[in-house]
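Trainee: Just the structure for this:
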Amino acid sequence: MLNIVLILVSLSDCGTFSIAAVDPETEEYGVAVASRVLDVGYVVPWVEAGVGAVATQALSNPYIGPRVLDELKKGKTAGDVLRSVLADDTIPDDRQVGVVDRNGNSISHTGKTTTAWAGHKTAPNVAIQGNILTGPEVVDSMFAVFERTAGPLAERLLSALEAGERAGGDSRGKQSASLIVATERGGYLGVDDRLVDLKVVDNPEPVQELRRQYELWQYAFMAPAYLRLAEERPDMAELLLRKTYSLLLKALASDLESPEVYNSLAWEFALLKKYPKEALEAAKKAHALAPEDANIMDTVAEAFYAAGNYEEAVRWETNALKVEPENAFFQRQLTKFREALLEKD
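Mentor: Sure, this is the predicted structure:
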């Protein structure tokens, strides 16, 4: 029955450039893709935490993605699975597929009749492929940038996608893009595995818009997820905290004007008593952007407390209580800071 489905599936011409990859340290799996078609993220990327990442494109067969993931779950390698799936396909020469499995094994297939320029490049943990491109420099640039970029997998994938577009990208133009990264319980409050889930359906500058969205997402959802996962995965705690710290440094070095972002990062790191200097800097930046916000004053107080400056903690919490004198949490905070100051003296 599966073979029949593969034969009868409706096909769409999906020229595109994509990158599928895994981060073995953080156990993240992701795909980034861009194309001159409507909503390429609806067709090409297939990702499952703990299993693998797949990009299926050219004359795209969407049944390939889920079938590859199902076969990978059985412990088969990326190469064995892709060869098996293509053997069941009636027109494999029209397909282009990239697969990376949980062990970092990678493979790409570019069919003989895919539209030029078409090709791919693989290495451990990454598979890059493209068709209807301006030339091989698109794939080569993506590979080079992915390999030398630091930071979370999402950042590396998006940077590679941007490099592919700068090198020429889809020869037909631009329309849509997508970035998906999954890790176990990486979703909002751990409800699912979607650490990053972004799509640009139709836009004259889709990769640029994808970057804009990601710059917001990384602080609003990814940083809190890393901090939560650091508690849930003690064996990976330091690694995940470093990933979040890199986001804190990125925010501090940016021109971002979001008091919520700075306040959230400062608060989390102050509670952990990690990177107190940077946490305090973020808290002060939040206060500068929203000077009347009592909750941010409380964060500044907590950051001073984490840094061991109890006098300033008391002063800032007192200021917060001037704004909200009936706030019971602020009152408990002030008591905590005063007790710490007394013990110090």
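Trainee: just the helices in this structure please.
Mentor: For the chain, helices defined by DSSP state H occupy the ranges 2-8, 64-72, 78-87, 137-148, 153-166, 206-217, 223-232, 237-253, 259-272, 276-289, 294-306, 310-323, 328-344.
Trainee: Quick one: those helices as a markdown table, columns for mean pLDDT and mean neighbour count too.
Mentor: C-beta here means a position set from N, CA and C on the backbone, and glycine is covered the same way. Listed next are these as a markdown table, based on pLDDT from 0 to 100; neighbours: other Cβ atoms under 10 Å:
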| stretch | mean pLDDT | mean neighbour count |
| --- | --- | --- |
| helix 2-8 | 34 | 12 |
| helix 64-72 | 97 | 21 |
| helix 78-87 | 96 | 19 |
| helix 137-148 | 98 | 19 |
| helix 153-166 | 98 | 24 |
| helix 206-217 | 96 | 18 |
| helix 223-232 | 94 | 20 |
| helix 237-253 | 93 | 18 |
| helix 259-272 | 93 | 22 |
| helix 276-289 | 97 | 21 |
| helix 294-306 | 97 | 25 |
| helix 310-323 | 97 | 19 |
| helix 328-344 | 95 | 14 |
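Trainee: Looking at those, spot the one closest to Glu28.
Mentor: helix 153-166 (4.4 Å; Cβ to Cβ).
Trainee: one step back: including distance to Asp101, could the helices of the chain go into TSV?
Mentor: Below are those laid out as TSV (distance: least, Cβ to Cβ, whole Å):
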stretch	distance to Asp101
helix 2-8	20
helix 64-72	5
helix 78-87	4
helix 137-148	18
helix 153-166	15
helix 206-217	25
helix 223-232	22
helix 237-253	21
helix 259-272	33
helix 276-289	37
helix 294-306	42
helix 310-323	50
helix 328-344	47
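Trainee: Tell me the spacing between Ala223 and Trp316.
Mentor: As for Ala223, its distance to Trp316 is 23 Å (criterion: Cβ to Cβ, to the nearest Å).
Trainee: same check, this time on Glu281
Mentor: Counting by Cβ to Cβ, the gap from Glu281 to Trp316 is 14 Å.
Trainee: Val261 now?
Mentor: Where Trp316 is concerned, Val261 sits at a distance of 20 Å (Cβ to Cβ).
Trainee: Now do the domain split for this structure, please.
Mentor: Listed by automatic domain parsing, the domain ranges of the chain are 2-218, 257-344.
Trainee: starting at the chain centroid, how far to the longest one?
Mentor: Going back to what we said before, that points to domain 2-218. Remark: domain 2-218 is offset 14 Å from the chain centroid, using Cα atoms, centre = their mean, to the nearest Å.
Trainee: picking that back up, so can I have JSON lines of the domains of the chain showing distance to Lys250?
Mentor: Conversion of the domains of the chain to JSON lines gives the following (distance: least, Cβ to Cβ, whole Å):
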{"stretch": "domain 2-218", "distance to Lys250": "8"}
{"stretch": "domain 257-344", "distance to Lys250": "10"}
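Trainee: so which of these gets nearest Leu240?
Mentor: Using Cβ to Cβ, the domains of the chain put domain 2-218 closest to Leu240, at 7.0 Å.
Trainee: And the residue nearest the centre of the chain, how far from Gly130?
Mentor: For the chain, the residue nearest the mean C-alpha position is Ala154 (3.2 Å; Cα atoms, centre = their mean). Distance, Ala154 to Gly130, by Cβ to Cβ: 20 Å.
Trainee: Nearest approach to Trp117 belongs to which of the helices of the chain?
Mentor: helix 137-148 (7.9 Å).
Trainee: outside of the closest one, which residues touch it?
Mentor: 17, 19, 21, 117, 119-121, 123, 126, 128-130, 133, 156-157, 159-164, 166-169 (Cβ atoms under 8 Å, 6 or more residues apart in numbering).
Trainee: Next, the angle helix 153-166 makes with it.
Mentor: For helix 137-148 against helix 153-166, the angle by axes from the mean of the first three to the mean of the last three Cα atoms, to 10 degrees is 150 degrees.
Trainee: Show the contacting residues for the closest residue to Glu268 other than its chain neighbours.
Mentor: Excluding the flanking residues, the one nearest Glu268 by Cβ to Cβ, 6 or more residues apart in numbering is Leu227, at 5.1 Å. Leu227 is in contact with Leu240, Leu241, Thr244, Glu268, Leu272, counting by Cβ under 8 Å, 6+ apart.
Trainee: and the gap between Leu227 and Lys243?
Mentor: From Leu227 to Lys243 the distance is 10 Å (Cβ to Cβ).
Trainee: same thing with Ser60?
Mentor: For Ser60 relative to Lys243 (Cβ to Cβ), the value is 33 Å.
Trainee: Same check on Val145?
Mentor: 19 Å.
Trainee: Same check on Asn103?
Mentor: Counting by Cβ to Cβ, the separation of Asn103 from Lys243 is 22 Å.
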